[in-house]
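J.: Here's my sequence, what's the structure:
(one chain, ligands or ions: 1)
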Amino acid sequence: MSQLKTLEAYQKAYQKSIENPEEFWDEIAHQFLWKEKWTKTLEWNFAEPNIKWFINGKFNITENAIDRHLLTSANKTAFIWESNFVDKPNRIITYQNLHDEVCKVANTLKSFGVKKGDRVCIYMPMIPETIFAMLACARIGAVHSVVFAGFSASALAGRIQDSDCKVVLTTDGAYRGVKDIPIKAVVDEALQTCPFVEKVLIYKHTNTAITLTNRDVIWQNVVTNASQLCTPELMNSEDVLFILYTSGSTGKPKGVVHTCGGYMIYTCYSFQNVFQMNLDTDSKDLFWCTADVGWITGHSYIAYGPLLAGVSSVIFEGVPSFPDAGRFWNVIDKYKVTHFYTAPTAIRALEACGLEFVTPYKLNSLKVLGSVGEPINEEAWHWYHKNIGKENCPIVDTWWQTETGGILISALAGVTPTKPSFATLPLPGIQPLLVDEKGDEILGNNVEGNLCIKFPWPSIIRTTYGDHARCKQAYFETYPGLYFTGDGCRRDENGFYRITGRVDDVMNISGHRIGTAEVESAINSHTDVVESAVVGYPHDIKGQGIYAYVIAPSTTKNHDNLRKEILAEVTKIIGAIAKPDKIQIVSGLPKTRSGKIMRRILRKIAEGEITNLGDTSTLLDPAVVEEIVKGRI
Ligand code: WTA
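T.: Here you go, the predicted structure:
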């Protein structure tokens, strides 16, 4: 397989990938199992955008992720599942088990009438069945749309409607730490506005009481008896593999579309090279990505990447703080995890709990540590490096996005240099550049600008589901000819990249992307809210917190009550992850004479930078700023 093992090999591969990208990816793609080879490697323009890789190639991703390994590694562990409860027995799923279970779910979906191209929504917790469900869709060519099981009924309904899902897969309930969450009840509520959904398949997991309707089918009643053989559907490289919704600058989440061929090649290649696991069939290396499969990190580096590479990994149902803040370290020792991949917010939260939760554990199986989802501050980096990695494990700070499908900028563990809080260097095939406001490239080193990419890589977003114009507008129009990431970035004297954070109206709360417009629209749906403005502000644990400025009518006297109701409203419309940390009730918002809210000022106030608010003379009513500063929380 294509693992780069030295700095020179990386440099050579990078050079080649730029000079001749098609030949470079061609060679890598040839290492996969194809039923028919592609006739053209790449066709693209960023203007429409129209991006196609491995044109006319035919194959099925599950044959590459599962069947291909059966010859040599049928009994190798694909997954170890660790329950929410520390004393509950784990489950071991071998590649053979995985094959059989995926086929059973695939055949069940077929019996429901699901066909190639149909959309299937998966709203499930972190259990192996969730991965079986995703792969079962891929097996029969259905398009999965996984929705994080923390989203509310209304958020779920919006996503089911947007992609017109025929079937929903769910569980009765989910465990998250001490909580027992009634998942099926959320689906029931969502489906009140989705009459077109034909079937709901429910895996009984918590034995929470559920009400059944005509369209409901219990997983254990049908899947258990289904056939363990299912011929994979022949898919074209550019057939859709999945849709994953993510937040953007406007109120409505976008359905990011990834296709089969490019996504397969890039998630596998990036996984193999960034983490540098030993890929021998009898290797004892064990990967653990703590993300939820409802986000892109879970798609690419719990489900597809590790399976395509044929490695063993851990799936964890619980949360880092249950039963105590030593849970991650307990699991690492228990299974001898070698490669551990988590988010800075988790590192900071566990650091805050104190070293007494770390010292009982050896952590001597660890070889490589990873970070993803948000900028990792230097302090957290050093804590992670010293206390978890015992100064022996390289940290790969991996920068990427839902839209990029896989990691674009990162060190390759043990192969290329690392630097605290720097994602460092682009992977082969990735051509980053920094641009100024006008879109002119900023050359040289020791510079800062907006991060763009100038050439397509195999797993770049193809479209936003049902709205191609939105894809073009969001990523390809700001700087014509370039893919715009929405991130600000600095390039140091050595050419290493450091992502500084979003430059658009997207916040990053505990590594989760949330649009300010989405939160504002949820807040505004409260009848007592006249208008609101939401900004992110630095938060010690979450990276960013949500600060909401809300205008209420003067007749609303009980502001504490209003704050509580606003929190409930946001939880109902989006989910608990989008709840503001601070709500300041104000009588007005700083606006320009043309009515535009001056977010720059609100951001500064939220950050506590009140002495230098910049020029406020262009405001319609500068006095409002003084009032907001005085009432700051
Ligand atoms: C941020 C998550 C700094 C960034 C994989 C990006 C990061 C957004 C890093 C995408 C990192 C992700 N360093 N920032 N290593 N990784 N980000 O779509 O702002 O959930 O645009 O994908 O997270 O979030 P998404």
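J.: Within range of the ligand, give me the residues from the stretch 451-600 of the chain.
T.: With CB under 6 Å from any ligand atom as the criterion, the stretch 451-600 of the chain meets the ligand at residues 485, 486, 487, 499, 502, 508, 513. Heads up, the C-betas are built off the backbone N, CA and C, glycines and all.
J.: want to try JSON lines for those, with neighbour count, secondary structure and pLDDT as columns?
T.: Listed next are these as JSON lines, based on neighbours: other CB atoms under 10 Å; DSSP: H, G, I helix; E, B strand; the rest coil; pLDDT from 0 to 100:
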{"residue": "485", "neighbour count": "24", "secondary structure": "strand", "pLDDT": "98"}
{"residue": "486", "neighbour count": "21", "secondary structure": "strand", "pLDDT": "96"}
{"residue": "487", "neighbour count": "21", "secondary structure": "strand", "pLDDT": "97"}
{"residue": "499", "neighbour count": "21", "secondary structure": "strand", "pLDDT": "97"}
{"residue": "502", "neighbour count": "19", "secondary structure": "strand", "pLDDT": "93"}
{"residue": "508", "neighbour count": "21", "secondary structure": "strand", "pLDDT": "95"}
{"residue": "513", "neighbour count": "21", "secondary structure": "strand", "pLDDT": "94"}
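J.: give the contact list for the nearest residue to residue 324 once chain neighbours are set aside.
T.: Excluding its sequence neighbours, the residue lying closest to residue 324 (CB to CB, 6 or more residues apart in numbering) is residue 357, at 6.3 Å. By CB atoms under 8 Å, 6 or more residues apart in numbering, the contact set of residue 357 is 324, 325, 326, 329, 350.
J.: Assign the residue of the chain most remote from its centre to helix, strand or coil.
T.: No residue in the chain sits farther from the centre than residue 555, which is 42.3 Å out by CA atoms, centre = their mean. Of the three states, residue 555 takes coil under DSSP: H, G, I helix; E, B strand; the rest coil.
J.: and it, what pLDDT?
T.: You'll see residue 555 listed with a pLDDT of 90.
J.: Run through the residues that contact it.
T.: Residue 555 neighbours (CB under 8 Å, 6+ apart): none.
J.: so how far is residue 285 from it?
T.: As for residue 555, its distance to residue 285 is 64 Å (criterion: CB to CB, to the nearest Å).
J.: Quick one: name whatever helix or strand follows the one helix or strand residue 537 maps to.
T.: Residue 537 is part of strand 531-539, with elements assigned from DSSP states H and E. Counting by DSSP H and E, the next helix or strand C-terminal to strand 531-539 is strand 543-551.
J.: Compute the inter-axis angle for the following helix or strand past that following strand and strand 531-539.
T.: The helix or strand immediately downstream of strand 543-551 is helix 559-573, counting by DSSP H and E. Orientation check (axes from the mean of the first three to the mean of the last three CA atoms, to 10 degrees): helix 559-573 against strand 531-539 gives 90 degrees.
J.: How far does helix 559-573 sit from its chain's centre?
T.: 27 Å (CA atoms, centre = their mean, to the nearest Å).
J.: Could you pick out the buried ones from the contacts of residue 357?
T.: Neighbour-count burial (16 or more other CB atoms under 10 Å) applied to the contacts of residue 357 gives 325, 326, 329, 350.
J.: Next up, phi/psi of the last one, please.
T.: Residue 350 has phi and psi values of phi -70, psi -30 when expressed as degrees, to the nearest 10.
J.: gap between it and residue 80?
T.: 21 Å.
J.: The first one too?
T.: Relative to residue 80, residue 325 is positioned 22 Å away (CB to CB).
J.: Equivalent analysis for the third one, please.
T.: In this structure, residue 329 and residue 80 are separated by 16 Å, where distance is defined by CB to CB.
J.: Enumerate the residues of the chain near the ligand.
T.: Remark: the part of the chain in contact with the ligand comprises 246, 295-297, 371-375, 397-402, 423, 485-487, 499, 502, 508, 513, using CB under 6 Å from any ligand atom.
J.: that older thread, between the residues of the stretch 451-600 of the chain next to the ligand, which is nearest the ligand?
T.: residue 499 (3.6 Å; CB to the nearest ligand atom).
J.: list the contacts for that closest one?
T.: Residue 499 neighbours (CB under 8 Å, 6+ apart): 375, 399, 409, 423, 451, 487, 488, 489.
J.: With residue 416 instead?
T.: Residues near residue 416 by CB under 8 Å, 6+ apart: 7, 10, 424, 425.
J.: is it true that residue 184 touches residue 212?
T.: No - between residue 184 and residue 212 there is no contact under CB atoms under 8 Å: 9.1 Å.
J.: More neighbours: which of the two?
T.: Legend: neighbour count by other CB atoms under 10 Å for residue 184 and residue 212, higher for residue 184 (26 against 12).
J.: The more buried one: helix or strand, and which one exactly?
T.: helix 183-191.
J.: what helices or strands is that helix leaning on?
T.: Counting contacts by 3 or more CB pairs under 8 Å, 6 or more residues apart in numbering; DSSP states H and E, helix 183-191 packs against strand 119-123, helix 153-162, strand 167-171, strand 199-203.
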